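>>> have a look at this fold, sequence not included:
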């Protein structure tokens, strides 16, 4: 078995140390080992697979106990990480002299599990909005989470990741829990508001803040909450929402003779897309502020329109849609969290243990984001390049350790047994 980690990454150690998380020495070692192994392991990120990455392999049961019974709180790590991420992003933005505009992006996603998985508490059957159609809904056995990113100029940081449990799941879990251990149900909109509430005291005064989310979160409660903080909202809307008492799809028909505004939006890959947009202002039902609504099509003969809203009525269609594309940072996170960091690979059962696992994954991803911003160059163009660089650094350290031991002992078999973890060499 080829091991990969001789020593923990110095850069990862520095990143974790400066967070100031209140953990005991064994807890600190476990969270560091798990985050490091998540980045190095190329297979399924089971605890056994993570344990096999280390030359001095800890017992896999220790990692399981660290998640299941060790008395540390996921929220403590989440709070320290959120605070440091936002503080660092603001400091970097001020150093670069970018505009004092903060985009807070919210989105949810599903981590798909095997259809026969039954005993992992956060896992249940969810409607898959991304792959369903009007005539053929699709359901997947998965867990659901809500993600929050913050973007200031070119700087993107992930500041929160929260598990969402269906109300039916909460009731089922609480039947087998004591009153002190019962979980309170929290809807997605309340979860989003909780994330924004945790960010509120950390945001610098005097900066313009835009909160962005899709149509599933465009409730009057969340919009009004953001406006009470003097933040602006840019979000998607469903066609049945009413502006000045008229459904948006009916409003689009009423405005069908108005000239389009051509809006060219630059995507994350640098390509430009042209959208045909009409806009109008008015009042949404139960939202006591005037808003600007944008009715967008991909081409003039498109039968389906997309609807967007901005509470900043001074913004043009170009500014609003170009700003809204910053939500793509959530999609980037989802891709890397699932494919490279094993967000959906957990096998611990309890809700609390899964929440701790997700926080460790979030910590490892925050480290990658930090390095990407600091080391971006012709060689480091994507977050995947940073992950490969991290793995290469471990490979160099591992090889140097093996060569030094071979020189010191002069016995190749001992080196192979230690570094390949072989009990005996073949004859």
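That came through fine. Nothing here was measured: the structure is a model prediction, and the numbers come from that model.

>>> remind me, longest strand of this protein?
strand 139-152 (DSSP state E).

>>> the very next helix or strand once past it - what's its average pLDDT?
Downstream of strand 139-152, the first helix or strand assigned by DSSP states H and E is strand 155-164. Across strand 155-164, the average pLDDT comes to 97.

>>> what's strand 155-164 packed up against?
If contacts are counted by 3 or more Cβ pairs under 8 Å, 6 or more residues apart in numbering; DSSP states H and E, strand 155-164 sits against helix 74-96, strand 139-152, helix 188-199, helix 328-339, helix 351-375. (Each C-beta comes from the backbone N, C-alpha and C, glycine too.)

>>> orientation of the fourth one relative to helix 351-375 in degrees?
With axes from the mean of the first three to the mean of the last three Cα atoms, to 10 degrees as the basis, helix 328-339 and helix 351-375 are set at 120 degrees to each other.

>>> ditto for the third one
Here helix 188-199 runs at 50 degrees with respect to helix 351-375, directions being taken by the same axes, to 10 degrees.

>>> starting at the chain centroid, how far to helix 188-199?
Using Cα atoms, centre = their mean, to the nearest Å, the mean C-alpha position of helix 188-199 is found 14 Å from that of the whole chain.

>>> and the contacts of it?
Here helix 188-199 makes contact (Cβ atoms under 8 Å, 6 or more residues apart in numbering) with 79, 82, 86, 104, 106, 108, 146, 148, 150, 159-160, 162, 164, 186, 211, 213, 216-217, 219, 221-222, 225-226, 229.

>>> in the longest strand of the chain, what counts as buried?
Counting neighbours by 16 or more other Cβ atoms under 10 Å, one finds that the buried residues in strand 139-152 are 140-152.

>>> show me the strands in the stretch 101-250 of the chain, by range?
101-112, 124-127, 139-152, 155-164, 208-213, 232-237, 242-243, 246-247 (DSSP state E, counting those that start in this stretch).

>>> out of those strands, which comes closest to residue 282?
Comparison of the strands of the stretch 101-250 of the chain against residue 282 by Cβ to Cβ identifies strand 242-243 as nearest, at 4.3 Å.

>>> what helices or strands is the closest one leaning on?
strand 272-283.

>>> list the contacts of the residue nearest to residue 237 when sequence neighbours are not counted.
Residue nearest to residue 237 in three dimensions, not counting chain neighbours: residue 307, with 4.2 Å by Cβ to Cβ, 6 or more residues apart in numbering. By Cβ under 8 Å, 6+ apart, the contact list for residue 307 reads 215, 236, 237, 238, 239, 241, 248, 252, 293, 294, 295, 296.

>>> give me the spatial nearest neighbour of residue 230, chain neighbours excluded.
Nearest to residue 230 is residue 209, by Cβ to Cβ, 6+ apart, at 7.9 Å.

>>> where does the protein have low pLDDT?
For the chain, applying pLDDT under 70 flags the ranges 1, 58, 422-427.

>>> do that again at 80, thanks
1, 57-60, 130, 133-134, 267-270, 421-427 (pLDDT under 80).

>>> which pair in the buried residues of strand 139-152 spans the largest distance?
Across those, the longest distance by Cβ to Cβ is 37.5 Å; it joins 141 and 152.

>>> quick one: contacts for residue 131?
residue 138.

>>> now it: how far from residue 379?
As judged by Cβ to Cβ, to the nearest Å, residue 131 and residue 379 stand 36 Å apart.

>>> can you redo the strands of the stretch 101-250 of the chain as JSON lines with distance to residue 64?
Formatted as JSON lines, those follow (distance: least, Cβ to Cβ, whole Å):
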{"stretch": "strand 101-112", "distance to residue 64": "19"}
{"stretch": "strand 124-127", "distance to residue 64": "23"}
{"stretch": "strand 139-152", "distance to residue 64": "18"}
{"stretch": "strand 155-164", "distance to residue 64": "19"}
{"stretch": "strand 208-213", "distance to residue 64": "35"}
{"stretch": "strand 232-237", "distance to residue 64": "41"}
{"stretch": "strand 242-243", "distance to residue 64": "52"}
{"stretch": "strand 246-247", "distance to residue 64": "53"}
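
>>> which among those strands is found nearest to residue 268?
strand 155-164 (10.4 Å).

>>> in stretch 344-364, what's buried?
Using 16+ other Cβ under 10 Å as the test for burial, stretch 344-364 gives 344-348, 350-364.

>>> thought residue 282 was touching residue 309?
No - in this structure, residue 282 is not within contact of residue 309 by Cβ atoms under 8 Å, at 10.1 Å.

>>> tell me, what's touching these two both at once?
291, 293.

>>> settle it for me: which of these two has more neighbours?
residue 309 (23 against 15; other Cβ atoms under 10 Å).

>>> shouldn't the more buried one be within a strand?
Yes - secondary structure of residue 309, determined by DSSP: H, G, I helix; E, B strand; the rest coil: located in a strand.

>>> quick one: it from residue 202, how far?
For residue 309 relative to residue 202 (Cβ to Cβ), the value is 26 Å.

>>> now swap in residue 170 and tell me
As for residue 170, its distance to residue 202 is 29 Å (criterion: Cβ to Cβ).

>>> now do the contacts for the nearest residue to residue 145 once chain neighbours are set aside.
Nearest non-adjacent residue to residue 145, counting by Cβ to Cβ, 6+ apart: residue 163, 5.5 Å away. Contacts of residue 163 were listed using Cβ under 8 Å, 6+ apart, and they are 122, 143, 144, 145, 351, 354, 355, 358.

>>> can I get those in JSON lines with distance to residue 256?
Putting those into JSON lines (distance: Cβ to Cβ, whole Å) gives the following:
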{"residue": "122", "distance to residue 256": "46"}
{"residue": "143", "distance to residue 256": "43"}
{"residue": "144", "distance to residue 256": "38"}
{"residue": "145", "distance to residue 256": "40"}
{"residue": "351", "distance to residue 256": "50"}
{"residue": "354", "distance to residue 256": "49"}
{"residue": "355", "distance to residue 256": "49"}
{"residue": "358", "distance to residue 256": "47"}
